[in-house]
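> need a structure here:
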Amino acid sequence: MSQKEKSSQAGDAYRMPDLHSVFEARTRIEKMIWETPLIDSPAVARESGAAEVVLKLESLQNTGAFKVRGAANKILGLSDEDRARGVITFSTGNHGKAVSFVSGHSGIKAVVCLSEHVPAYRVEKIRELGAEVEVKGHSQDEAEEHYYHLMESRGMIPVVPFDDPAIVAGQGTIALEILQRRPDLDMLLVPLSGGGLLAGIAMAAKSINPKISVVGVSIDRSPAMLESIKAGRPVAVEEKDTLADSLLGGIGKENHYTLPLIQKYVDEHVRITEPEIEKAMAYAFTQHSLVVEGASAVGIAALQSGKVNAGGKKVAPVISGSSVDPAAFLKVVQKHVK
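Residues are numbered from 1 along each chain as shown. Next up, the predicted model:
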């Protein structure tokens with residue numbers, strides 16, 4: 001059975017998400033999520049030469065990350081029959097938390113498949129939220145293989161982390177919130193891994209304002225989507241230790257949605273190093289008292305490093321989550337704050 005067939009088991013039509021589906025998602029998930037704030041970041045604006053920088057704080061979202069938007073849109077859209085079967089997913093952490101949270105609030109059984117690479121603090125949080133956790137394999141791709149086996153043997157409904165129209169549409173609601181408040185923005189900076197966040201935001205933002213620039217921000221240690229774009233097909237990359245651990249993982253052995261959406265709607269891509277991530281995490285803490293994970297900091301890092309041309313522009317980095325190991329975070333802060 002192909003991934004396309006597996007994804008369709010939940011009853012979704014095999015079609016690309018569009019702006020209409022993003023508006024539908026906003027209505028469906030409004031009681032399950034928080035509308036997160038935009039805050040000014042004048043120090044980064046000065047450092048990057050931007051006319052203005054505003055941070056979209058999905059790090060303050062329910063469950064601590066944007067992932068709850070897509071998970072809620074997928075799970076709340078299931079039929080009663082499918083809900084009774086339970087849901088299953090694979091994750092690097094944040095999506096697993098989101099699925100566990102939404103399922104728990106909806107009275108639905110959930111199984112989350114993780115690799116051994118997922119930090120222990122994330123594994124425990126998923127368990128605390130009520131999901132059954134299965135840890136197997138050294139990478140997300142190996143955890144995904146285990147997920148396929150369990151999905152078929154138990155007859156559960158798949159809730160994939162990114163390559164699903166409902167997931168993409170749910171993440172696209174972030175663009176609606178940003179542009180409703182700031183329709184004058186010139187550029188959005190969005191973290192990139194499997195592509196659900198970037199695909200949803202880029203598709204929605206470009207559908208509303210074709211002139212806005214959308215930049216995907218990847219990490220040097222796991223640029224799976226960038227390598228896949230170069231190859232024109234999904235490419236596996238080695239997963240290395242990184243502060244931005246939620247950006248680890250591939251784009252799936254078959255990818256039907258996020259790869260083509262990103263190819264169509266994203267204007268530019270940049271890659272961020274570990275020292276740049278550290279500096280941005282420390283900045284968010286010292287300037288805004290924000291605890292952000294490494295993946296959240298990559299948009300700030302892209303501005304601070306000069307890897308995007310923000311001169312004279314109004315820019316909004318998406319701060320995607322706050323799920324970070326406290327010891328690792330304190331080490332970064334102590335290193336950069338004198």
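
> Now do the strands in the stretch 101-250 of the chain.
In chain order, the stretch 101-250 of the chain shows strands spanning 110-114, 132-135, 157-158, 187-191, 213-219, with DSSP state E, counting those that start in this stretch as the criterion.

> quick one, which of these is nearest to Glu238?
Closest to Glu238 of the strands of the stretch 101-250 of the chain is strand 213-219 (CB to CB; 12.5 Å). For every residue, glycine as well, the C-beta is placed using N, CA and C.

> okay, the strands of the stretch 101-250 of the chain in TSV with mean neighbour count and distance to Glu24 next?
Formatted as TSV, the strands of the stretch 101-250 of the chain follow (neighbours: other CB atoms under 10 Å; distance: least, CB to CB, whole Å):
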stretch	mean neighbour count	distance to Glu24
strand 110-114	26	23
strand 132-135	16	30
strand 157-158	21	19
strand 187-191	27	21
strand 213-219	25	22
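
> His288: which of the ones you listed is closest?
Nearest of these to His288, taken as CB to CB: strand 187-191 at 16.1 Å.

> Relative to Val324, which of the strands of the stretch 101-250 of the chain is closest?
Val324 lies closest, by CB to CB, to one member of the strands of the stretch 101-250 of the chain: strand 187-191, at 13.8 Å.

> can you tell me which residue is nearest the centre of this structure?
Nearest to the mean C-alpha position of the chain, by CA atoms, centre = their mean, lies Leu197 at 4.6 Å.

> May I ask you to confirm that Val214 is in contact with Ala202?
Yes - in this structure, Val214 sits in contact with Ala202. The criterion is CB atoms under 8 Å, and the distance is 4.3 Å.

> could the strands of the stretch 101-250 of the chain be laid out in JSON lines, adding mean pLDDT and distance to Ser48?
Shown next, in JSON lines, are those (pLDDT from 0 to 100; distance: least, CB to CB, whole Å):
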{"stretch": "strand 110-114", "mean pLDDT": "96", "distance to Ser48": "36"}
{"stretch": "strand 132-135", "mean pLDDT": "94", "distance to Ser48": "40"}
{"stretch": "strand 157-158", "mean pLDDT": "96", "distance to Ser48": "40"}
{"stretch": "strand 187-191", "mean pLDDT": "98", "distance to Ser48": "10"}
{"stretch": "strand 213-219", "mean pLDDT": "98", "distance to Ser48": "12"}
